[in-house]
Structures are given as C-alpha cells and as structure tokens.
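Novice: Predicted model follows, preceded by the sequence.
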Amino acid sequence: MPERRNAAKVLLLLDIGGSMDGHIRTCEELFSAARSEFKRLEHFYFHNCPYESLWPDARRRQVERVPTHDILNRYGEDYRLIFVGDASMSPYEIEQPGGSVEHWNEEPGEFWMRRFLAAYPRAVWLNPVPERYWDGTLSIMMIRDLMEARMFPLTLDGIDRAMRQLTR
C-alpha cells in the first residue's frame, strides 16, 4: 500500500534576519520536516513583514527577489498560508510607508499582510517567541490582530493547533 501524503498545498513564508537569527535552527528543522509532508510546498523569505518582494533563497536575498504580486497571482486560494516569524519589529514597519529597516517601502507591511490574507483565507502565523511574552510586544499584538488571532506558538502543541485551524 503506498504511503499516504498530505494533499494540502502550502505556501510557507519565513522571516529571516535580525531577531530571527536565534530561531534559525528551529525554523530549519520545521522546514526540513514540512518539505516531505505536503503535496506541494512553496517557500519564500521576508524580513519582519512581507512587502513588495520576497526572496526564494535566504542566502541570495540581496540579489534575487520575486515580486509579491507575482506570488499572490501564481498560487491559488487552495493553498494554505503559513507565516513563520517572531513578529518582533518596530510598529512603523507594520503601519507606515518607509518603515522597513532594509529598504524604502511604498506601502506599509499591514497592506501586504491584508493582501495575503485576502488571497489565502486559510492562514496562520507560527511564532517562536514563547506565548507568555506576546502581550508585552506591540508588534506581536499588531500582527496577531491582523491575523485575527490565528497566531500560534512554534511548539508541537502550537503547530497542532495551527494545522487544525488550517483545515477548517
């Protein structure tokens, strides 16, 4: 009998750099495990908040970019969207043009988050920061609000809860 595979299509967006550097090993393990579990798994990287472009390769992020609109148009609504990031950033990155710490962004991260959530109604955010600290960081609270409370800790229990949310 052939091995059963999850038929879900997943768009995985991983935060890299800065405060996420301490979580690289956990994220690599997650990505390694996830790669073989889904029918289709597409992944891209962002820093703090998604903006007008994402990176297909974390090591080449200053060289190779993919326009976010291309991603939104390429992968259909049948994909489940999983963000992985600590959501720890300046609130300006979420709510202001020019708030990004890496480049001038014409539109705030909130605009791009709303576009992703409109395109992919089945979406969750996995956060490696322990849940008990979330209410102490304004940006985490803002992203959790944008996600309509679909933020889960990057723990076995959190991943289980997130996957149940994605199947609703």
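Specialist: Cool, got the structure.
Novice: I figured residue 150 hits residue 123, correct?
Specialist: Yes: the pair residue 150 / residue 123 is scored as a contact, 6.5 Å apart, by Cβ atoms under 8 Å. All C-beta atoms are positioned from the backbone trio N, CA, C, and that covers glycine.
Novice: Just want to know which of these two has more residues nearby.
Specialist: Between residue 150 and residue 123, counted using other Cβ atoms under 10 Å, the more crowded position is residue 123 (23 against 18).
Novice: ok, now which ones touch the more buried one?
Specialist: By Cβ atoms under 8 Å, 6 or more residues apart in numbering, the residues touching residue 123 are 80, 81, 82, 83, 116, 117, 147, 150, 166.
Novice: Show the low-confidence segments of the protein, by residue range.
Specialist: 1-6, 31, 33-36, 60 (pLDDT under 70).
Novice: ok, back up a step: tabulate the contacts of residue 123 (CSV), appending distance to residue 106 and secondary structure.
Specialist: Output for those, formatted as CSV (distance: Cβ to Cβ, whole Å; DSSP: H, G, I helix; E, B strand; the rest coil):
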residue, distance to residue 106, secondary structure
80, 28, strand
81, 23, strand
82, 26, strand
83, 21, strand
116, 17, helix
117, 19, helix
147, 23, coil
150, 27, coil
166, 31, helix
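Novice: Thanks a lot, catch you later.
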